[in-house]
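**Q** A structural model of the following input is requested.
(one chain, ligands or ions: 1)
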Amino acid sequence: MSKELLRQLPRVNDVLSRDSIRELADRLPYDLVVDSVRTAIGNRRSAVLGGQDNPHLVAIDSVENEVLQLVQSRLEPALVSVINTTGVVLHTNLGRAPLNREFLADASEVAVGYSNLEYNLPARRRGSRYDHTSSLLAQLTGAEDSLVVNNNAGAMVLMLTALARHKEVVVSRGELIEIGGSFRLPEIFEVGGAHLKEVGTTNRTHLRDYENAIGPDTAMLLKVHRSNYAVVGFTDEVAADSLAELGNAHGIPVCEDLGSGCLVDLKPYGIPAVTVREQVERNLDIVTFSGDKLLGGPQAGILVGKKEVIQRIRKHPMTRALRVDKLTLATLERTLLAYVDGTWKERIPALQMLTASSDTLEKRARILSERFDAVLKADAAVGVEPCEGRVGGGAMPETRLSSFAVRVAPTKGSATSIDERLRAGSPAIVCRLDHDALVFDVRTLLDEQIDVLVDRVAHEILA
Ligand SMILES: *Cc1c(COP(=O)(O)O)cnc(C)c1O
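**A** Here you go, the predicted model:
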């Protein structure tokens, strides 16, 4: 049976000579069309070999339709928007900080035409792209000067290269971290060309450990925020101000990779993040942080600190290689302005989510649950329940965000296969799966996404 079906499979040229496919091949790259034809035929062959015996599989009309769909899907962007109902706010895999629509609209206005990116309009001469954010960053962090690059890993490499290439940098063993992906501190040192001098032990490092390590080749004392893990029990680390004092006494810059760039006190909201200003006030020479973690802006690496040290870094040729683009700068500037005018909680989506009150979340969950109930009726058991989300982005691993979720347990069909279809559709939906139920944490759900979320879930469950 399967042999007979395999014999009936259309050949590549048979499919290519169909009118609709010929028409595609005329206007699109030929390889793209041929490749799609081969893929469709290959899919059919695998299905037959896998035991399927529907004659429809080898019908040329059916193959032709699959080719049309494959070509169509290859002409659509692969990077698309996702509805995040995981409750992880700065979800690294889902693009970290969501951005404010108005900020982006403003930024696109700057980018679609020309701008004063590197032009000083009043003076009628060349300007610097870093000037647009420097006074805002000074105001918000208390630092004398700043520099914005592509991301925080880039900021670190740049800082190490510009200040400590072929020299020694002293770091505590307890801070030699790996932050997912391929950010491992020793490797960042290698890229930056600086020699890592480890001091102390995993759980305890003392000021005298740093002091004893200082020699003629020491170019920097570095602290690294342990973003994604905690050392508990018999522990000790050296406070930034003591380290700054030690560095100053020896004329050695003291820097910190803070990871998350928190610009406001989030402790009242249960998020115990140190602010950039607190670290700057501890007299560190440079503090680096991400634009798209707790700051809630676009991907960027921000260095703030003492003027003389920032200037040394800015002059380094690698600054050019890590240069930040105009869309990022324009979005970042608008995000920073929302801190200055005090509207950060309302206008920066990540901060709005992180500071949402229990009342707001419960109300949103009740609305969502009623909407699900109204369309799903007997096809699912729907209920609101308390749950725990996380900050994400490798920040505050121990902090749990109490939230509310809507649990949808389909009465027919498996939650796993519904979840698979939710991830495959448009917009894609990523939720939590628990005991054959779909769980939607509402903290990371935007109000404007409720309609489409309900529609898509109903469509998949009632299908
Ligand atoms: C997240 C993080 C980084 C990397 O920042 P990116 O902006 O993702 O490049 C570096 N150091 C620390 C401590 C971090 O938490």
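**Q** so residue 198 sits in a strand?
**A** Yes. Under DSSP: H, G, I helix; E, B strand; the rest coil, residue 198 falls within a strand.
**Q** what about it, distance to the ligand?
**A** 17 Å (Cβ to the nearest ligand atom, to the nearest Å). All C-beta atoms are positioned from the backbone trio N, CA, C, and that covers glycine.
**Q** and for residue 427?
**A** Distance, residue 427 to the ligand, by Cβ to the nearest ligand atom: 25 Å.
**Q** now do the phi/psi pair for the closest residue to residue 409 other than its chain neighbours.
**A** Among residues not flanking residue 409 along the chain, residue 437 sits closest, at 3.9 Å (Cβ to Cβ, 6 or more residues apart in numbering). The phi/psi pair for residue 437 (degrees, to the nearest 10) reads phi -130, psi 150.
**Q** also the one 3 residues further on?
**A** Main-chain torsions, residue 440, degrees, to the nearest 10: phi -110, psi 110.
**Q** write out the residues of the protein neighbouring the ligand.
**A** By Cβ under 6 Å from any ligand atom, the residues of the chain that approach the ligand are 151-153, 179, 183, 224-225, 227, 257, 259, 290, 301, 394.
**Q** of the residues you listed, closest to residue 96?
**A** residue 290 (8.1 Å; Cβ to Cβ).
**Q** from residue 172, how far off is the closest one?
**A** Distance check for residue 290 against residue 172: by Cβ to Cβ, to the nearest Å, it reads 21 Å.
**Q** go on, residue 162?
**A** Applying Cβ to Cβ to residue 162 and residue 172 gives a distance of 22 Å.
**Q** now do residue 143
**A** Residue 143 is 23 Å from residue 172, by Cβ to Cβ.
**Q** point out where this protein drops to low pLDDT.
**A** Residue ranges of the chain with pLDDT under 70: 1, 180-182, 227-229.
**Q** just the closest residue of it to the ligand, please.
**A** The nearest approach of the chain to the ligand comes at residue 259, 2.5 Å away (Cβ to the nearest ligand atom).
**Q** and the helix or strand that residue falls within, which strands flank it?
**A** Assigned by DSSP states H and E, residue 259 belongs to strand 254-260. The strands that strand 254-260 pairs with in its sheet are strand 218-224 (parallel), strand 286-290 (parallel) (by DSSP bridges).
**Q** out of those, which one sits most buried?
**A** Greatest average neighbour count among the strands paired with strand 254-260 goes to strand 286-290 (a mean of 27), per mean count of other Cβ atoms under 10 Å.
**Q** got the CA coordinates for the next helix or strand after it in CSV?
**A** Counting by DSSP H and E, the element after strand 286-290 in chain order, helix or strand, is strand 301-305. Extracted in CSV, the C-alpha atoms of strand 301-305 (Å, rounded to 0.1, in the frame of the first residue of the first chain):
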residue,chain,number,x,y,z
GLY,A,301,24.3,49.1,27.8
ILE,A,302,24.7,52.2,29.9
LEU,A,303,27.9,53.3,31.6
VAL,A,304,27.7,56.2,34.1
GLY,A,305,30.5,57.6,36.3
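**Q** list the helices and strands the next helix or strand along the chain from strand 301-305 packs on?
**A** As assigned by DSSP H and E, the chain's next helix or strand after strand 301-305 is helix 307-314. Judged by 3 or more Cβ pairs under 8 Å, 6 or more residues apart in numbering; DSSP states H and E, the packing partners of helix 307-314 are strand 145-149, helix 152-164, strand 286-290, strand 301-305.
**Q** among those, which is nearest residue 420?
**A** strand 286-290 (32.1 Å).
**Q** any idea where the helices of the stretch 101-250 of the chain begin and end?
**A** 101-112, 131-141, 152-164, 185-192, 207-213, 240-250 (DSSP state H, counting those that start in this stretch).
**Q** in three-state terms, label residue 89 for me.
**A** strand.
**Q** quick check: chain neighbours aside, which residue is closest to it?
**A** Nearest to residue 89 is residue 353, by Cβ to Cβ, 6+ apart, at 5.0 Å.
**Q** any idea how far the one you found lies from residue 87?
**A** For residue 353, the distance to residue 87 - Cβ to Cβ - is 9 Å.
**Q** hey, what's in contact with both of the two?
**A** With contacts defined as Cβ atoms under 8 Å, 6 or more residues apart in numbering, the residues shared by residue 353 and residue 87 are 443-444.
**Q** can you give me the helices in the stretch 301-450 of the chain?
**A** 307-314, 318-321, 326-340, 344-347, 349-354, 358-376, 415-424, 450-462.
**Q** now do the first one against strand 254-260, angle only.
**A** Put plainly, it is helix 307-314. Per axes from the mean of the first three to the mean of the last three Cα atoms, to 10 degrees, the angle that helix 307-314 makes with strand 254-260 is 70 degrees.
**Q** who wins for proximity to residue 374 among the helices of the stretch 101-250 of the chain?
**A** helix 101-112 (28.2 Å).
**Q** tell me what the closest one is packed against?
**A** helix 326-340.
**Q** from what I can see residue 97 touches residue 90, true?
**A** Yes. Between residue 97 and residue 90 there is a contact at 6.0 Å, judged by Cβ atoms under 8 Å.
**Q** okay, and the common contacts of these two?
**A** Contacts common to residue 97 and residue 90, judged by Cβ under 8 Å, 6+ apart, are 292-293, 350, 393.
**Q** possible to save the residues you listed as CSV with neighbour count?
**A** Formatted as CSV, the shared contacts of residue 97 and residue 90 follow (neighbours: other Cβ atoms under 10 Å):
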residue, neighbour count
292, 27
293, 29
350, 26
393, 24
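**Q** out of those residues, which is nearest to residue 54?
**A** Using Cβ to Cβ, the shared contacts of residue 97 and residue 90 come closest to residue 54 at residue 393, 47.1 Å.
**Q** select only the buried ones of the residues of the chain next to the ligand in PyMOL?
**A** In PyMOL, this line selects whichever of the residues of the chain next to the ligand come out buried by 16 or more other Cβ atoms under 10 Å:
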select buried, resi 151+152+153+179+224+225+227+257+259+290+301+394
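**Q** switch the residues of the chain next to the ligand over to JSON lines; also include distance to residue 452.
**A** Formatted as JSON lines, the residues of the chain next to the ligand follow (distance: Cβ to Cβ, whole Å):
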{"residue": "151", "distance to residue 452": "31"}
{"residue": "152", "distance to residue 452": "33"}
{"residue": "153", "distance to residue 452": "34"}
{"residue": "179", "distance to residue 452": "33"}
{"residue": "183", "distance to residue 452": "34"}
{"residue": "224", "distance to residue 452": "41"}
{"residue": "225", "distance to residue 452": "37"}
{"residue": "227", "distance to residue 452": "33"}
{"residue": "257", "distance to residue 452": "39"}
{"residue": "259", "distance to residue 452": "33"}
{"residue": "290", "distance to residue 452": "30"}
{"residue": "301", "distance to residue 452": "34"}
{"residue": "394", "distance to residue 452": "30"}
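**Q** and which of the residues of the chain next to the ligand is nearest residue 404?
**A** Closest approach between those and residue 404, by Cβ to Cβ: residue 394, at 24.9 Å.
**Q** that closest one and residue 260, how far apart?
**A** Counting by Cβ to Cβ - residue 394 and residue 260 are separated by 8 Å.
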